[in-house]
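Student: just coords:
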């Protein structure tokens, strides 16, 4: 989810270019390590959002009392696997497409970064959608009423049961809003992250691309794209976790636009923003933590092999 980050990492001064295999590998590993830090925020955001869908009030204290504090790490295995596909393909594809476009056009400008960020974000999201469905279900299952729980035992059990009980297509429920959200994240990040870096250099006398500078810019950028993408995140969560109606056998949500309009009619626009704070902390936090891990991995590689 951090196309400007990958741009910075790829264009920072280095004696020799980092091989594409290391670009992909470091991006995926950094994404996985960063996700381990922010997964609890994602779990709380999903549970708050889906509690509103089911007309229930979410309470963090009640969740801890009933399921234990470590329940915030429910679905971590699926979340890490999602990053293996999402972060690896997003960063690797972004830098590959960017370099290819540079060879053709002879330059890499703002507009090309926006377009490439959106395209690669969408591709990465579609590839990782099965793991996203698993993350949503594993993260939320323990908070459902006993009679509604699916009682998944882990990511392998989740994948196996979804395939048997609902078919392969169920893994791509919510792919529409998920892909759209990923494309918007690419666009909003490219458009705002570097700008805020420059602004904070002047406002707070920060050194550009220092950890404080990146942290402040990432959290501000994260706030903007969190506000813009939360309705799509909420729609994705509802579509990924839904069950067929007992009487009709039909799914309540069938597409991105239908989900958005149905939720607005039934619950109001603000229903999309249930769980916004942990969602924002997840977005900004993952940007910062992954930046640090990817930078450390690539610096270590350059020190050892270049």
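Tutor: Here it is on my side, so go on. All figures in this text were calculated on a predicted structure; none of them were measured in a lab.
Student: Could you check how far residue 43 is from residue 69?
Tutor: As defined by C-beta to C-beta, to the nearest Å, residue 43 lies at a distance of 11 Å from residue 69. C-beta: built from backbone N, CA, C; applies to glycine.
Student: Report the buried residues of the longest helix seen in the chain.
Tutor: When the chain is parsed with DSSP state H, its longest helix is helix 20-53. Neighbour-count burial for helix 20-53 flags 22-35, 37-53 (criterion: 16 or more other C-beta atoms under 10 Å).
Student: same question for stretch 208-222, mean pLDDT?
Tutor: Averaged across stretch 208-222, pLDDT comes to 82.
Student: all helices of the stretch 51-200 of the chain, in order?
Tutor: 60-67, 76-105, 110-140, 155-166, 175-204 (DSSP state H, counting those that start in this stretch).
Student: mind checking which of these is nearest residue 214?
Tutor: helix 175-204 (7.2 Å; C-beta to C-beta).
Student: and the angle from the closest one to helix 110-140?
Tutor: Put simply, helix 175-204 runs at 120 degrees to helix 110-140, going by axes from the mean of the first three to the mean of the last three C-alpha atoms, to 10 degrees.
Student: Run the chain-centre distance for helix 175-204.
Tutor: Centroid separation between helix 175-204 and its chain, computed with C-alpha atoms, centre = their mean, to the nearest Å, is 13 Å.
Student: which phi and psi does the residue in the chain sticking out farthest from the centre have?
Tutor: Going by C-alpha atoms, centre = their mean, the residue of the chain most distant from its centre is residue 247, 34.4 Å out. Residue 247 adopts backbone torsions of phi -80, psi -50, taken as degrees, to the nearest 10.
Student: Could you check how far it is from residue 208?
Tutor: Remark: distance between residue 247 and residue 208 (C-beta to C-beta) = 59 Å.
Student: Residue 65 too?
Tutor: Taking C-beta to C-beta, one finds residue 65 at 46 Å from residue 208.
Student: Of the two, give the one with the bigger neighbour count.
Tutor: residue 208 (13 against 10; other C-beta atoms under 10 Å).
Student: And for that one, nearest residue in space, chain neighbours not counted?
Tutor: Nearest non-adjacent residue to residue 208, counting by C-beta to C-beta, 6 or more residues apart in numbering: residue 201, 5.2 Å away.
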